[in-house]
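Enquirer: Got a predicted structure here, sequence first:
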Amino acid sequence: MKKVLALILSLTMICSLTACGGASMEGENPAPEAETEAPAEDTDAQEPAEDAEPASGDATEWVWPSKEELHVGYAQADLASTWRTVESEDMQRVADERGYKITIVNAEGDTEQQISDVESLLAQGCNVIVITAVDGDAIQPALDKCKEKGVPVIMKARGSNGVPGVDYVTFFSSDFVAEGRYAGEWIAKACADKETIKVAEIQGILGGTDVRDRSGGFHEVADKEGNFDFVVEQTANFSRTEAQEVAANVLQSTGGEIDAFYCHNDEMALGVSLACQSAGLKVNEDVYIVGVDGMYETFDAIKDGTISATITCTPKFAEQVFDGIEAGMAGETLETFYAIEDVPVDATNVEENYDLGF
Ligand code: GZL
């Protein structure tokens, strides 16, 4: 029961195949009660668009296995960051704890590899497929293969641009749009005294829905504020070393005239911080640096003043994913999207939120 309560506290239902705020999941490990309606500020941009709902005849007939037969195939995007490694370890842990068979494969950031990974998982008899998509569009052939067999697909942490209920069952993830908004609002507040805010946006691996929506949410705020000057918008592929190089070049080419770096993950924020310090800039005085993820290392950097803020994005939500699989096996109607709650963390609240780290 404690687990279910924890779930209710940590999950926000967004929209269901039947109707927004519709059926909740019952069963042994019922997922949280569906909220009557999604909080207005949350996920409207990440929530599947109205026309994303399957027309009644298009919905895929998913064939759920019994608990005894369950063999989960997890197609992981890459293991290039701490975040991804913790995510895969969390999936293995929960499967082991609940006595389920799981096969985890790693596409090493290559969509073609990920598509063949999914084919291989199906050939090995996996009867529920979980996918962290390298690319939200390019993953479609893998979804089609599963659909042909009626094998339920659950998107996790990086989504598909397909239609929920037709191309996949549901999507468990942080709300990346909200994360981008939080970051934009934090920078707007910190730079409230500036007529124009010179911003460098350091992006993650292009093609992922996480990058698309973290940027989208941030630019929503920038458009509303009207005084963000995007000096640079460049990918550093979620890599700390690549971000350090990109930031060093940006600082050199602008003479250090950047007010704030918005980095799509903490690994890159930590790399940017090294570049800023090497350039003699004082973080939180000469420049602000905002990341996303909430790594312990970032929380420590916030405490010592070398990172300004981050937005949590936990990799540890396999419990919720397996609760969703169990509800599907019990014949319950699943929501099309489950948002994992995130919070902005800076020097004012890093101690109280430290346990959210990884
Ligand atoms: C978010 C996840 C992102 C992390 C990055 O769900 O896909 O990928 O924020 C990671 O650190 O590389």
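Expert: Sure thing, it's come through. Numbers count the residues shown, from 1 in each chain.
Enquirer: next one: stretch 134-153 to chain centre, how far?
Expert: A distance of 19 Å separates the centroid of the chain from that of stretch 134-153, by C-alpha atoms, centre = their mean, to the nearest Å.
Enquirer: How about stretch 159-179?
Expert: So, by C-alpha atoms, centre = their mean, the centroid of stretch 159-179 is 10 Å from its chain's centroid.
Enquirer: Dump that stretch to CSV, keeping only the CA atoms.
Expert: The C-alpha coordinates for stretch 159-179 follow below in CSV (Å, rounded to 0.1, in the frame of the first residue of the first chain):
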residue,chain,number,x,y,z
GLY,A,159,9.0,9.1,-26.5
SER,A,160,7.6,8.3,-29.9
ASN,A,161,5.9,10.8,-32.2
GLY,A,162,3.4,8.1,-33.1
VAL,A,163,-0.2,7.8,-32.0
PRO,A,164,-0.9,6.5,-28.5
GLY,A,165,-3.2,3.5,-28.5
VAL,A,166,-2.2,2.7,-32.1
ASP,A,167,1.7,2.8,-32.2
TYR,A,168,2.3,2.4,-28.4
VAL,A,169,0.2,1.8,-25.3
THR,A,170,1.5,4.6,-23.1
PHE,A,171,4.5,6.9,-22.3
PHE,A,172,6.1,7.2,-18.8
SER,A,173,8.4,10.2,-18.6
SER,A,174,9.2,13.5,-16.9
ASP,A,175,7.4,16.4,-18.5
PHE,A,176,10.1,17.8,-20.6
VAL,A,177,8.1,20.8,-21.6
ALA,A,178,7.6,21.7,-18.0
GLU,A,179,11.3,21.2,-17.4
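Enquirer: residues contacting the nearest residue to N353 once chain neighbours are set aside?
Expert: Distances taken as C-beta to C-beta, 6 or more residues apart in numbering put V345 closest to N353, at 4.9 Å, once the chain neighbours are dropped. Where C-beta positions appear, they are placed from N, C-alpha and C, glycine not excepted. Going by C-beta atoms under 8 Å, 6 or more residues apart in numbering, V345 touches 294, 299, 302, 309-312, 353, 356.
Enquirer: partners of the helix or strand containing S173, with directions?
Expert: Element membership of S173 [criterion: DSSP states H and E] is strand 170-174. Strand 170-174 sits in its sheet next to strand 153-156 (parallel), strand 335-340 (parallel), going by DSSP bridges.
Enquirer: Do any residues in the first one lie close to the ligand?
Expert: No. If you take C-beta under 6 Å from any ligand atom as the test, strand 153-156 misses the ligand, and the best it gets is 8.2 Å.
Enquirer: What lies in contact with that strand?
Expert: With contacts defined as C-beta under 8 Å, 6+ apart, strand 153-156 is touched by 74, 87, 128-133, 143, 146-147, 167-173, 321, 324-325.
Enquirer: Kindly provide the distance from the residue nearest to N353 to T310.
Expert: Separation of V345 from T310 (C-beta to C-beta, to the nearest Å): 5 Å.
Enquirer: do the same with D346
Expert: For D346, the distance to T310 - C-beta to C-beta - is 8 Å.
Enquirer: Need the three-state assignment for L79.
Expert: At L79 the chain is in coil, as set by DSSP: H, G, I helix; E, B strand; the rest coil.
Enquirer: measure it to M155 for me?
Expert: Distance, L79 to M155, by C-beta to C-beta: 18 Å.
Enquirer: And those two? Which one has more around it.
Expert: Neighbours were counted for L79 and for M155 using other C-beta atoms under 10 Å; M155 has more, 27 against 17.
Enquirer: In the stretch 51-200 of the chain, mark out all the helices, start to finish.
Expert: 82-98, 111-123, 140-149, 176-190 (DSSP state H, counting those that start in this stretch).
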